[in-house]
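Participant: sequence and predicted structure, then a few things I'm wondering about:
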Number of protein chains: 2
Amino acid sequence: MRVMGVDPGLTRCGLALIETAPGRSVTALDVDVVRTTADESLEHRLKAVHAVADEWMEIHAPDVVAIERVFAQNQVSTAMGTAQAAGVVALAAAYREIPVAFHTPSEVKAAITGSGRADKKQMTLMITRILGLQKPPSPADAADALALAVCHSWRAPMQGRVAAHDAHVARSRAGFEAKVASARESAAARRAGEGAAAADQERARAAARAMGRVKGVRW
Amino acid sequence: MRVMGVDPGLTRCGLALIETAPGRSVTALDVDVVRTTADESLEHRLKAVHAVADEWMEIHAPDVVAIERVFAQNQVSTAMGTAQAAGVVALAAAYREIPVAFHTPSEVKAAITGSGRADKKQMTLMITRILGLQKPPSPADAADALALAVCHSWRAPMQGRVAAHDAHVARSRAGFEAKVASARESAAARRAGEGAAAADQERARAAARAMGRVKGVRW
């Protein structure tokens, strides 16, 4: 599987491509950093990031694009631009129907170093070792993009199993709820024949049940 | 001039087109709201917003796209998505080489109602009156997009004058600095002929002048 990792940003946007093989084997294929300067307008900076990311998708045809999830809480001054850079890369993937995954910085750190609070130095050291590189990737954005891609390739199988489990639970729940609804309907239809007074009683009971359900009482 | 106004958002993104004429005359030509739901993935929501905005630019060929500037401080939970929606609209404009302008919510409110802290009701009332509409535009995102476009068409001439003034000041300053630099060079060349001791003295004097300049002393 080919995973494209993206460390989004306007000043520097890291792009990386790795090839994965069974058993956590990962190989770095390409890495690049798109740079734009603050004297360019926002829309032209976004265009530059989008154009290079889109070209990468055209050339490398990744199976998935893994992008760092940006939070508004971190570095407010640059967070919006970073989120917008992430957005235009995700957009390019959407138009090419390439799946997109987002991972938080702490997920990436935990996947690579075992600690969600690892520092830059530890991250660079580990990613260099994991990918068997001759020297540490530079600048940091290139290392981060590689880390994103490796994180995704290691997390994706587990996320797939979690998603499959969630889907199974949702299907079971939907089946159960349909059964309950149809039982309730036929009971209501039966009782409707027992006259208006009974119907009023049923409505009162239904309201009581609804209240009970809101409070978490079984009925 | 045709101005496209955009109230960015993922759940609802307001788009509006107005035609301006000399003397603050504005006419509403079109309005639309792009809706996406939270159960869609981020990249597909961005694609939906981008696709409609891009189609609008294709059909309406606006001269400028005015987008609300998003701040991370406001509504942190939705700010990132809103910024990303704004980003993909700006991207569409950049690819079509249509100029993009950003206006803050308080700039828009001030332009439309005279107060930067006007509420939704006042804004809707004023935009309905300004554009001579039969009924208030609905939902609020449509009204906001119209307000953005009107705000831009009224602010742009002033912004243009400010930019022209700034450019004039910058040119004057550059001219002055070039003159100073050339005078200094010819003086240094003259003094270079007066021997090494004099050159040393000159360096000391230059250092003193540089210090004086830093402190804002004229020389």
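Facilitator: Nice, I can see it.
Participant: setting the sequence-adjacent residues aside, check what's closest to A:Leu42.
Facilitator: For A:Leu42, ignoring the flanking residues on the chain, the nearest one in space by CB to CB, 6 or more residues apart in numbering or on different chains is B:Ala90 at 6.1 Å. (Each C-beta comes from the backbone N, C-alpha and C, glycine too.)
Participant: do the same with A:Ala92
Facilitator: The spatial neighbour of A:Ala92 that comes closest, neighbours along the chain excluded (CB to CB, 6+ apart), is A:Asp54 at 4.2 Å.
Participant: quick one, phi psi at that neighbour?
Facilitator: Torsion angles at A:Asp54 (phi, psi; degrees, to the nearest 10) stand at phi -70, psi -40.
Participant: number of residues surrounding it?
Facilitator: Using other CB atoms under 10 Å in any protein chain shown, A:Asp54 is surrounded by 17 other residues.
Participant: before we move on, what about A:Thr20?
Facilitator: So A:Thr20, with other CB under 10 Å, has 21 neighbours.
Participant: so what are the domain limits for chain A?
Facilitator: Following automatic domain parsing, one finds the domains of chain A at A:2-164, A:169-214.
Participant: could you identify which of these is most buried?
Facilitator: Using mean count of other CB atoms under 10 Å in any protein chain shown, the stretch among the domains of chain A with the largest mean neighbour count is domain A:2-164, at a mean of 19.
Participant: pLDDT on it, on average?
Facilitator: Taken as a whole, domain A:2-164 has a mean pLDDT of 93.
Participant: picking up where we left off before, isn't the residue nearest to A:Leu42 up against B:Arg69?
Facilitator: No: using CB atoms under 8 Å, B:Ala90 is not in contact with B:Arg69; the gap is 10.8 Å.
Participant: what's the overlap in contacts for those two?
Facilitator: Shared contacts of B:Ala90 and B:Arg69, defined by CB atoms under 8 Å, 6 or more residues apart in numbering or on different chains, are absent.
Participant: looks like A:Phe33 contacts A:Ala16 (just checking).
Facilitator: Just so we're on the same page, residue A:33 is Val rather than Phe. No: the criterion here is CB under 8 Å, and A:Val33 misses it with A:Ala16 at 9.7 Å.
Participant: now list whatever residues contact both of the two.
Facilitator: A:Ala142.
Participant: biggest helix in chain A by residues?
Facilitator: The longest helix of chain A (DSSP state H) is helix A:140-192.
Participant: residue ranges for the strands of chain A, please.
Facilitator: Taking DSSP state E, the strands of chain A run over residues A:2-7, A:12-21, A:25-35, A:64-68, A:100-103.
Participant: how about those strands in TSV, adding distance to chain B?
Facilitator: Output for the strands of chain A, formatted as TSV (distance: least, CB to the nearest CB, whole Å):
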stretch	distance to chain B
strand A:2-7	12
strand A:12-21	13
strand A:25-35	14
strand A:64-68	9
strand A:100-103	5
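Participant: what does chain A put close to chain B?
Facilitator: Within chain A, the positions lying close to chain B (CB under 8 Å from any CB of the partner chain) are A:41-44, A:46-47, A:50, A:70-73, A:76, A:79-80, A:83-88, A:90-91, A:93-95, A:100, A:102.
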